[in-house]
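Student: for reference, the sequence and a predicted model appear below.
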Amino acid sequence: MSDPILRLEGVSKTFGGLKALTDVSFGLNEGEVVGLIGPNGAGKTTLVNVVTGNLRRSSGRIMFEGEDVGLQKPYQAARRGLARTFQIVQPFPAMTVLENVTAGALFGGGAASVGDARDKARQSLEFVGLAPLADRPAANLALAARKRLELAKSLAMNPKVLMLDEVNAGLNSSEIDGALDLIRKIADSGVTVLIIEHLMKVVLSLSKRLLVLHHGQLIADGPSREIVSDERVIEAYLGQKFAARLKEMHHG
Ligand SMILES: Nc1ncnc2c1ncn2[C@@H]1O[C@H](COP(=O)(O)OP(=O)(O)OP(=O)(O)O)[C@@H](O)[C@H]1O
């Protein structure tokens, strides 16, 4: 197998005395869709932040395509093809949907000109199904559409690796189904996806492999079906009720 496209080696992040990440190591292979789960405060968002340079890791190495990118700035991450979505979606409200995505394309640096960035933005909006709303002010979008806008912005950066931070939070079940189709479509286009998600049904339907963070430590990394029956994971995160339901599903 070829080298992972993204690899963390012993990455730690402390905030004063608080250890948000402790000695985290794993690799993502090109084209993989991997779920990242763990209780509130486990360090999931911090992990994405250190990978994209929004926060500086305290120690360890972050390797992207064989290069140590631990000191990069967020715009450099975007230009390399390391894109992410934010848990709290904050579009520029006064700008239109198209302008927001154009700004994303320019940030990602793949566009040769503003016109080129706008073309790229139009393609991304088409891909996520927001083309009909391109000229609306972003402030007017409902939550599901704002989440799609966030995805379109990241896609306009031509990502190789895309990290999705709770893109389904707050959506109803038909909106989640739509988002799932879209994430599958992104993965099918060859993008490596790391998905942070609280809804187990969603993670399990998308990813064959799961990473589990607990108090900043990676306590499990492996095939999803094995991870969800791992006692430590059940205790730390899933809870006995979920485990019992899963057993019923398997035996029922
Ligand atoms: N900028 C910061 N300064 C200080 N502490 C922080 C900062 N960012 C995160 N933390 C702390 O680091 C720990 C990990 O937080 P993080 O947001 O990464 O968890 P999470 O797994 O993403 O949680 P959630 O599921 O609630 O989003 C928490 O204790 C949090 O309070």
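Tutor: Ah, there it is.
Student: and the helices in this protein?
Tutor: 44-51, 74-80, 97-108, 114-128, 143-155, 173-188, 200-206, 224-227, 231-233, 239-251 (DSSP state H).
Student: now render the ones you listed as TSV, adding mean pLDDT.
Tutor: Formatted as TSV, the helices of the chain follow (pLDDT from 0 to 100):
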stretch	mean pLDDT
helix 44-51	97
helix 74-80	93
helix 97-108	92
helix 114-128	95
helix 143-155	93
helix 173-188	93
helix 200-206	90
helix 224-227	90
helix 231-233	84
helix 239-251	70
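Student: right, and those - which one's nearest the ligand?
Tutor: helix 44-51 (3.3 Å; Cβ to the nearest ligand atom). All C-beta spots, glycine's among them, are computed from the backbone N, C-alpha and C.
Student: buried ones in the closest one?
Tutor: 44-51 (16 or more other Cβ atoms under 10 Å).
Student: closest to Phe26 among those?
Tutor: Leu47 (9.7 Å; Cβ to Cβ).
Student: contacting residues for the closest one?
Tutor: Going by Cβ atoms under 8 Å, 6 or more residues apart in numbering, Leu47 touches 8, 11, 21, 24, 36, 213.
Student: contact partners for Asn158?
Tutor: 81, 108, 110, 120.
Student: same list (the residues you listed) but as CSV, adding neighbour count and distance to the ligand.
Tutor: Shown next, in CSV, are the contacts of Asn158 (neighbours: other Cβ atoms under 10 Å; distance: Cβ to the nearest ligand atom, whole Å):
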residue, neighbour count, distance to the ligand
Gly81, 20, 23
Gly108, 25, 24
Gly110, 17, 28
Lys120, 23, 30
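Student: got the CA coordinates for stretch 182-192 in CSV?
Tutor: The C-alpha trace of stretch 182-192 is given here as CSV (Å, rounded to 0.1, in the frame of the first residue of the first chain):
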residue,chain,number,x,y,z
LEU,A,182,-23.6,14.6,-1.2
ILE,A,183,-20.8,13.3,1.0
ARG,A,184,-20.8,10.0,-0.9
LYS,A,185,-20.6,12.0,-4.2
ILE,A,186,-17.6,13.9,-2.8
ALA,A,187,-15.9,10.7,-1.7
ASP,A,188,-16.7,9.1,-5.1
SER,A,189,-14.9,11.9,-6.8
GLY,A,190,-11.7,10.7,-5.1
VAL,A,191,-11.4,13.1,-2.2
THR,A,192,-10.2,11.7,1.1
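Student: up against the ligand, what does the protein have?
Tutor: By Cβ under 6 Å from any ligand atom, the residues of the chain that approach the ligand are 15, 18, 20, 38, 40-46.
Student: in strands, which of those residues appear?
Tutor: Mapping the residues of the chain next to the ligand onto strands (DSSP state E) picks out 15, 18, 20.
Student: any idea how far Gly35 lies from Ala103?
Tutor: Counting by Cβ to Cβ, to the nearest Å, the gap from Gly35 to Ala103 is 29 Å.
Student: no no, Asn168
Tutor: In terms of Cβ to Cβ, Asn168 sits 24 Å off from Ala103.
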